[in-house]
Every structure is written in structure tokens, then in C-alpha cells.
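[1] model this:
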Amino acid sequence: MQGSQYTVCDVMTPTVVALAGGAMFKEIVRTMEQWGVSAMPVLDGRGRVLGVVSEADLLRKEELRDDEPDLPGGSPPVAGSRPAKARAVTAEELMNTPAVTVHPAATLSRAARLMARHGVKRLPVVGDDGVLIGIVSRSDLLKVFLRGDEDIAEEVRRQVVAAGLLAESVGVAVREGVVTLTGRVPDASLIPLVIRLARSVEGVVDVRCDLTGPRRRPLLEPDLADEWPSSPATGTGPEI
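    Residues are numbered from 1 along each chain as shown. Predicted structure coming up:
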């Protein structure tokens, strides 16, 4: 993986355990147990993602097991509701749809925002045609923090120092993913931008900035009073 802008394709798992819409409840439970996963995408006949079934969807049966049964002639539960999920027996009935998916070219920060916004732990990765090509999880997004310190330092130097925003004398040191910037910049107003650029490099845990602006020019010496040379004859100043 090269470059500071890592994408989902760089960290995703290409081998995915998926379900057909007609997969039965117990088959789903057995598959989750066999592969050690807690959620699986549900696919149509062309491999496109229809939805996702998670352990939480399956647990609806236990969660509502002791609820009062519907009386004869009562209205059927609304599709997608908790009672409907409790009665579901196939993946298509159990799944959450539409699925929250991500494109392989998406940045890791976008994938992280999607997970946080929708409260999910993993995202199916789909191509432009909607066909499943992988899956990315929270742990996958953390892989960038395994990047070596020297690799991060080199990336920071290339992206920030070599970008012409900093003077050659600026130092970049990285320890356990924490970047320390030292030295001077030609314009102090550039410091916030420099910090932001360094922080955007994948694998950076934090940025500590010891940068300063250019040296201030020393104040000019105050003008001294004019001193006229004394006349050798009288010891006084020049005649006017």
C-alpha cells in the first residue's frame, strides 16, 4: 500500500461469506458459527447486495418469544418490524435493506463515517454494478495504524515538506505514529495548514507541532544624534 490516501480496496477482505435470499434461519445460524462472523450480506442471483443479516436480526426470535401471540383474525405484523423479524424464517425476510455499502475507491475516512452514521461494524464493498467484491470491517480500517514510523515520516516529508510549504530546515520525527514537526516556516500563517496536511497522512496517530515562523528582523538601532567633529583651532563645532 503506497501513498497517503489509502482506499477501502487496500484494506478490505476480498473473500466474503454471503447468503442467498432463500437461506433458512438455521442455515444462517450454522454459517455464522462455522465462519465466525456476526453478519452476512444477502445477494440476488447476479451477486448484487440486497441487504445484510446480523446476529441482532436473528435474536429477535428469542427477544420476542414470550410476547403475547396474535389473536385469530388479527392484522399481520408490518414488514420489517420487530414482530415481523421474530417470525421471519429466510434471509430475505430477516435482512436489513437497503444495505449500507461502500465503493472500493472510497477513502477509509468515508468508510469510517458511514459505519458511525449507520451504527454498523462492517460494510459490503460493491463495484459500480452493485456486485459484491469484498467486505470491510472496523478492524480493517485500523490496519493503517500498523504502518511503520519511518514510512509515515517519509510520507509526511513528501506530502508536506516537499510540497513547498515548508523550509528545508523543518524536521519530521515519528514515534509510535505520533509526528513531531520542528523548525521554521517561511510564513507563520501556514502552520495550521501544515498540521492538517501531516494529520491527513494515513497511520498518523497525532501531530505535535514545534514549528515557528521566520526570524523577526532585529529592530534597527535608534538614530544617533549627529556628532560634528571639533575644530582643531577652537575646540568648537563648525562655523555657520
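
[2] What secondary structure category should be reported for residue 180?
    Assigned by DSSP: H, G, I helix; E, B strand; the rest coil, the conformation of residue 180 is strand.

[3] burial of it, as a residue count?
    By other CB atoms under 10 Å, 17 other residues sit near residue 180. Any C-beta I mention is one placed from the backbone N, CA and C, and that applies to glycine too.

[4] mind listing what it touches?
    Listed by CB atoms under 8 Å, 6 or more residues apart in numbering, the contact partners of residue 180 are 171, 172, 173, 174, 207, 208, 209, 210.

[5] Helices along this structure, start to end?
    Remark: helices assigned in the chain by DSSP state H are 8-11, 25-35, 55-58, 60-63, 82-87, 91-94, 108-118, 138-141, 149-156, 191-199.

[6] quick one: average pLDDT of the fifth one?
    Taken as a whole, helix 82-87 has an average pLDDT of 68.

[7] Show me just the buried residues among the contacts of residue 180.
    172, 174, 207 (16 or more other CB atoms under 10 Å).

[8] would you turn the residues you listed into a markdown table with pLDDT and distance to residue 50?
    Formatted as a markdown table, the buried ones among the contacts of residue 180 follow (pLDDT from 0 to 100; distance: CB to CB, whole Å):
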| residue | pLDDT | distance to residue 50 |
| --- | --- | --- |
| 172 | 92 | 48 |
| 174 | 96 | 44 |
| 207 | 96 | 42 |
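
[9] before we move on, the earlier item: closest to residue 30 out of the contacts of residue 180?
    residue 174 (46.4 Å; CB to CB).

[10] right, and the helices of the chain - which one's nearest residue 127?
    Of all the helices of the chain, it is helix 8-11 that lies closest to residue 127, at 10.3 Å by CB to CB.

[11] Including distance to residue 125, could the contacts of residue 180 go into CSV?
    Below are those laid out as CSV (distance: CB to CB, whole Å):
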residue, distance to residue 125
171, 39
172, 33
173, 36
174, 30
207, 30
208, 35
209, 36
210, 40
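
[12] and the closest residue to residue 213 other than its chain neighbours, how many neighbours does it have?
    Once flanking residues are discounted, residue 213 sits nearest to residue 188: 3.0 Å by CB to CB, 6 or more residues apart in numbering. If you count neighbours by other CB under 10 Å, residue 188 ends up with 12.
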